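J.: Pasting a predicted model and its sequence here:
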Amino acid sequence: MNKLIKNSSRFIILILMQVFVFNYIQWFGFLNPFVYLLFLILLPLEIPKPVQYIIAFATGFIVDAFLRTYGIQAFACVLLVFLRPYVIFVLNGFRPLESGIKPVPGVKEFSWILVYTLLLVFVHQITVTVLEVFQWVQWWRILWSSVLNTLFTTFIVLCVEYMFYAGKNK
Amino acid sequence: MTSFRDLLKRYFHLFVFLLLQLFALMLFYNNSTYQHFVISTAAQGIIGPLQKLAHNFYKHFQYSTENASLLQQNLNLLKEQEKMFFFSEDTVYSIFSGENKNKRRMYDIQTAHVVFNSINKAHNYIIIDKGSKDGVTPDMAVISPNGVAGVVSDVSKNFSTVISLLNPLSRVSAKILPINQIGTVVWLDSDPSVAQVIAIPQHLLVTVGDSVVTSGYSDVFPKDILIGTVIEKFDNPNNTFLTIKIRLATDFRNLHNVYLISNLYKPELDSLKSKFVNE
């Protein structure tokens, strides 16, 4: 129950922050951080997979509605959540998942969290950019825009994450 | 059968994943068609007011840039007004057609911000944030968006002192409009919204409500810039002139942006004037 409240409040706050603050950050015309991904990154792995996908879809859909890009964020969010267990699998050295694994600071060290976040954000970002631009001619633009956006988003996501977790699990 | 159930159980999440992805792609593909319209109309009902709220909040941060661009726009419009030029009609064609006037720029204009302004002293001054590095020289005209404000007296590198119209030292050559009579506007009352026009003979017909504008004879102000409107007139028992009180067009209590007008032919005019006898 406590976990449910924690996750839903995280969901609401991050989405509100995203649609009212971070969507208005449009530096240089392409730098736009998707900080709400933190919610999906921290989503407990014990939740049944189909439910995870539906939550991800709903999250993406709400952000889509505010950005008026129907389907793009939803598609990328579901993909992110789908790839999450495999990313953890690879990062844990190809060992099968333990049951109680938590991708949070304190449980995992900083470098693990950093790579984990970077990979997932990059997957999301490149999907979004490909679908938005939708022209293979502009692959170079897609690439550098995704990379820069990934770095920017990851930076903010890690800042937020460590702000709230740093003191807790020590 | 059991194996099929197991298979379903094992790959159910994959099925959900593919279904959702398909749905997302469908949404994306139908972006510009009826479905998109239906969804966005429904969503707009909820999101529209929220975004309007956000816009109402964020728009306040843009006023200063918007203000600067409007000021620039005003400046450009002022520069193209006819009174900024003088016209020389020296061909037969141009005299008779009225077109193709040979026009030359007589005045240039720039904006300035008021950094100091007094209205309740015996001698009132304005300080503006343009100085010699912006090309300001003494005797440039200063007007507000509504009318005449003063004349530049001293110039430093970054700032200039302006003798406000609310100063007994300031004398602006003016004319009263319907009768075209030339007079001088001086500030004699201590009211910051009232000045007087002197040297108008008593036999002339001046009515309350007449406009008083700059005459254009002083080489400081271009002609036809509003100074004020007549609010009171009476015969002066001491001499043969009318006493005319005018309400100033410029609101000196709220003076923020002013325009600086420079006469581009001033050195030439000054050198001519220096030969006047007994000026």
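T.: Here it is on my side, so go on.
J.: you'd agree residue B:8 is in a strand?
T.: No: note on residue B:8: no strand contains this position according to DSSP: H, G, I helix; E, B strand; the rest coil, which reports helix.
J.: and the gap between residue B:71 and chain A?
T.: From residue B:71 across to chain A, the span is 26 Å (C-beta to the nearest C-beta, to the nearest Å). All C-beta atoms are positioned from the backbone trio N, CA, C, and that covers glycine.
J.: so that residue is in which element?
T.: With elements taken from DSSP states H and E, the one containing residue B:71 is helix B:63-79.
J.: Show residues contacting that helix.
T.: When contacts are defined by C-beta atoms under 8 Å, 6 or more residues apart in numbering or on different chains, helix B:63-79 is touched by residues B:84, B:108, B:109, B:110, B:111, B:145, B:257, B:259.
J.: Return the set of buried residues in it.
T.: Going by neighbour count (16 or more other C-beta atoms under 10 Å in any protein chain shown), the buried part of helix B:63-79 is residue B:78.
J.: which residues does the residue nearest the centre of chain A contact?
T.: Here the mean C-alpha position of chain A is nearest to the C-alpha of residue A:37 (C-alpha atoms, centre = their mean), at a distance of 2.8 Å. With contacts defined as C-beta under 8 Å, 6+ apart, residue A:37 is in contact with A:77, A:80, A:120, A:121, A:124, A:153, A:157.
J.: distance between the helix holding residue B:71 and the chain's centre?
T.: Distance of helix B:63-79 from its chain centroid, counting by C-alpha atoms, centre = their mean, to the nearest Å, is 7 Å.
J.: Please apply the same query to stretch B:111-129.
T.: Going by C-alpha atoms, centre = their mean, the spacing between the C-alpha centre of stretch B:111-129 and its chain's C-alpha centre is 17 Å.
J.: Now do the helix holding residue B:71, average pLDDT.
T.: Model confidence over helix B:63-79 averages 87 on the pLDDT scale.
J.: Could you do stretch A:92-105 as well?
T.: Per-residue confidence for stretch A:92-105 averages out to 73 on the pLDDT scale.
J.: Just the terminal-to-terminal distance for it.
T.: Its first and final residues considered, stretch A:92-105 spans 15 Å by C-alpha to C-alpha, to the nearest Å.
J.: who touches that stretch?
T.: By C-beta under 8 Å, 6+ apart, the residues outside stretch A:92-105 that reach it are A:41-42, A:44-46, A:85, A:88-89, A:107-108, A:113, A:116, A:161-162, A:165-166, A:169.
J.: cutoff 6 Å now
T.: Surrounding stretch A:92-105, the residues in contact under the criterion C-beta atoms under 6 Å, 6 or more residues apart in numbering or on different chains are A:113, A:116, A:162, A:165.
J.: Mind giving me the packing neighbours of the helix or strand residue A:52 falls within?
T.: In this assignment (DSSP H and E), residue A:52 forms part of helix A:49-67. Packed against helix A:49-67 by the contact rule (3 or more C-beta pairs under 6 Å, 6 or more residues apart in numbering or on different chains; DSSP states H and E) you find helix A:2-20, helix A:72-91, helix B:2-29.
J.: CA atoms only for it, dumped as CSV, please.
T.: What follows is the C-alpha trace of helix A:49-67 in CSV, where atoms were taken according to Å, rounded to 0.1, in the frame of the first residue of the first chain:
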residue,chain,number,x,y,z
LYS,A,49,4.8,-7.1,-16.9
PRO,A,50,1.4,-6.4,-18.7
VAL,A,51,0.5,-4.0,-16.0
GLN,A,52,3.8,-2.3,-16.3
TYR,A,53,3.2,-1.9,-20.0
ILE,A,54,-0.2,-0.4,-19.5
ILE,A,55,1.1,2.1,-16.9
ALA,A,56,3.9,3.1,-19.3
PHE,A,57,1.4,3.5,-22.1
ALA,A,58,-0.8,5.7,-19.9
THR,A,59,2.1,7.8,-18.8
GLY,A,60,3.3,8.3,-22.4
PHE,A,61,-0.2,9.1,-23.6
ILE,A,62,-0.7,11.9,-21.1
VAL,A,63,2.6,13.5,-22.0
ASP,A,64,1.7,13.0,-25.7
ALA,A,65,-1.6,14.8,-25.2
PHE,A,66,0.2,17.9,-23.8
LEU,A,67,2.8,17.8,-26.6
